[in-house]
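Chemist: turn this into a model:
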Amino acid sequence: KQWYQRRVAITAGECKVRYFPRLYETMLLLPFLVLLGYCSCDMLVAYPYEEGGSPPCLRLCAGTTGEGTTAWVMYPNNIGIYVHVDMSKCGFIPSLTPIVSSVLAGRTSHWDYSGGSAPYSPDHSGFTIYVKAQNAINFANSYEWRIDWTAVGYTC
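Modeler: Alright, predicted model coming up:
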């Protein structure tokens, strides 16, 4: 049998599979490989907003504002909608800003509007998304628009 190393991409970064035969190609085995010690996973923030933080304290956190439950607010003069995204459960430290990615998702029509991937004022506890869409609050709710997001930050 041929035993060798191979890199397998996973959500939190890269996982090096050490000395394991071709069975690792099935992603269903990956959690078991980590538990059994065949994998070691690491993350790196190459260009953080601020200096500091310890690599062992990096956390990948993800969430959604909820399908059909997002608390959209009408922007003044009815030129758009916005929502504050709560990331407080991620446990990021206040002194370092996490790196945030977001997307406007839903059942339909969200492709036609801008702003869903532009987080404003991110900090350790959340950020705000503004979507430019006149009179959008009714169809944002009926089309189950939401913000799906990921963040990488430090917990210590």
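Chemist: for Tyr154, what are phi and psi?
Modeler: phi -100, psi 140 (degrees, to the nearest 10).
Chemist: so what's Asp86 bridging to?
Modeler: With DSSP bridges as the criterion, Asp86 is bridged to Gly126.
Chemist: poorly predicted segments of this structure, please.
Modeler: Regions of the chain meeting the criterion pLDDT under 70 cover residues 1-42.
Chemist: would you state the strands of it in chain order?
Modeler: Secondary structure of the chain, counting by DSSP state E: strands at 6-10, 13-17, 39-42, 58-64, 73-74, 80-86, 99-105, 120-123, 126-132, 146-154.
Chemist: out of those strands, which is the most enclosed?
Modeler: Here the criterion is mean neighbour count by mean count of other Cβ atoms under 10 Å, and of those the winner is strand 146-154, at a mean of 22. Heads up, the C-betas are built off the backbone N, CA and C, glycines and all.
Chemist: that strand pairs with which strands?
Modeler: Taking DSSP bridges, the sheet neighbours of strand 146-154 turn out to be strand 58-64 (antiparallel), strand 99-105 (antiparallel).
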